[in-house]
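The sequence and its predicted three-dimensional model are supplied below.
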Amino acid sequence: MDPHLLRTFVAVLDHRSFSTAASALGYTQSAVSQHIAALETDLGTRLVERRPVAPTPAGARLMEHVPALLLRLDAARADIARLNQVPTTRLALACSPAALGTVVARALARLRAGTRVDVEVRVLSREAVIEDVLTARADLGLIDGITAPSDPLPLPDLGPTTTLAAAEEPLAVILPLDHPLAERRSLRLPDLTQAQWIDAPDSAVPLERLRTVCRADGFTSRIRHRGTDLFGLAALAAAGHGLAALPLSSATALPAVAAVRIGAPRLIHRTELVHPANPTAPVRQLIDLILGTSPIT
């Protein structure tokens, strides 16, 4: 499958319009129509309904594959380009919100104190962190999630990259200070399946992940929080909009909410470093600094 045709296919379905997709891609509408027709000929089936524009069942199935296919192509291009990169003192660090903590901040300070390095830190969703590392927009990524003690995070195929455990810590629930459970020393996550939760997949533990680890339905969201602002998430929890699960260190640092440790099931919040196979010298230094001070249980 031609990646150019796949990108046109994605644009048409994202915009639900051939003309809008053409404008976004810088093509003529006729060219977009030809791309879709060529892709349908290649796969031997109709992929896009024209009026209104929508995926056919085959088109919907193809869309399940396309993002990963295009990302791996972009990752391969970036990986080859890295082989010819010149030495640099630039370091772009991409972090998911709960992965950017005190340990990382102090490691960056020590790096900058000993070297002349230009550091850029971007706080992104977990998926965006992975994409930035694979496509060379970031030199190093820090992602977080929950898992069983000492187990790695469930990550997609990252190709020729290296993943290292950086930190493990307990998991906690944030809730209003006047909540009936706020004074508890610990909570059982299965007991909270019928509570109202904040749907905040970019900043807190995704609700689907909580359902998976508890093997239960529930964890219904009352409100959706999109973005990486932990203080905004805390404000919603403090106002009674729902609960959210975070690493204990992040939860206890937030204002106006109670942070209660999750005692069961046995889960930990894990942070992992993701970097390309041939990291730059500043990246290697930062990795050493983070791993030298990060607690691994």
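Right, received. Where do you want to start? Model, not experiment: these values are computed from the prediction.

in the stretch 101-250 of the chain, which spans are helices?
102-114, 126-134, 207-214, 230-238, 248-252 (DSSP state H, counting those that start in this stretch).

Need the contact partners of the longest one.
This means helix 102-114. Contacts with helix 102-114, where a contact means C-beta atoms under 8 Å, 6 or more residues apart in numbering, come from 91, 93, 95, 117, 119, 121, 142, 166-167, 249, 282, 285-286, 289-290, 293-295. Where you see a C-beta, it was placed from the backbone N, CA and C, and this is true even at glycine.

so how far is it from its chain's centroid?
Here the centre of helix 102-114 is set off from its chain's centre by 23 Å, with C-alpha atoms, centre = their mean, to the nearest Å.

Flag every buried residue along that helix.
103, 104, 107, 108, 111 (16 or more other C-beta atoms under 10 Å).

what does the average pLDDT come to for that helix?
For helix 102-114, the per-residue pLDDT values average out at 88.

Could you list the low-confidence segments of this protein?
Confidence mapping of the chain against pLDDT under 70 gives the ranges 293-297.

This protein: strands as residue ranges?
48-49, 54-55, 90-95, 118-123, 140-147, 161-169, 171-176, 186-188, 196-199, 220-224, 244-247, 257-264, 268-276 (DSSP state E).

circling back to that earlier point, closest one of the buried residues of helix 102-114 to residue 13?
Using C-beta to C-beta, residue 104 comes nearest to residue 13 of these, at 37.6 Å.

now the closest one: how far from residue 168?
Counting by C-beta to C-beta, to the nearest Å, the gap from residue 104 to residue 168 is 15 Å.

got it, and residue 46?
49 Å.

How about residue 158?
20 Å.

what residues are up against the spatially most central residue of the chain?
In the chain, the residue lying closest to the centroid (C-alpha atoms, centre = their mean) is residue 126, at 1.1 Å. Counting by C-beta under 8 Å, 6+ apart, residue 126 touches 96, 143, 144, 145, 202.

For beta bridges, what are the partners of the third one?
Translated: residue 144. Beta-bridge partners for residue 144, by DSSP bridges, are residue 271.

Confirm for me that residue 273 is in contact with residue 164.
Yes - the pair residue 273 / residue 164 is scored as a contact, 4.5 Å apart, by C-beta atoms under 8 Å.

Need the overlap of contacts for these two.
With C-beta under 8 Å, 6+ apart as the test, residue 273 and residue 164 both reach 287, 291.

When these two are compared, which one has more neighbours?
residue 273 (24 against 14; other C-beta atoms under 10 Å).

wait, what's in contact with the more buried one?
Counting by C-beta under 8 Å, 6+ apart, residue 273 has contacts 140, 141, 142, 162, 163, 164, 165, 166, 287, 290, 291.

hmm, try it at 6 Å
Counting by C-beta atoms under 6 Å, 6 or more residues apart in numbering, residue 273 makes contact with 164, 166.

and what of residue 259?
172, 174, 251, 252.

Now tabulate the residues you listed in JSON lines and tack on neighbour count.
Conversion of those to JSON lines gives the following (neighbours: other C-beta atoms under 10 Å):
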{"residue": "172", "neighbour count": "24"}
{"residue": "174", "neighbour count": "28"}
{"residue": "251", "neighbour count": "27"}
{"residue": "252", "neighbour count": "14"}
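
what's the most distant pair in the residues you listed?
174 and 252 (9.2 Å).

any idea how far the residue nearest to the centre of the chain is from residue 99?
Taking C-beta to C-beta, one finds residue 126 at 9 Å from residue 99.
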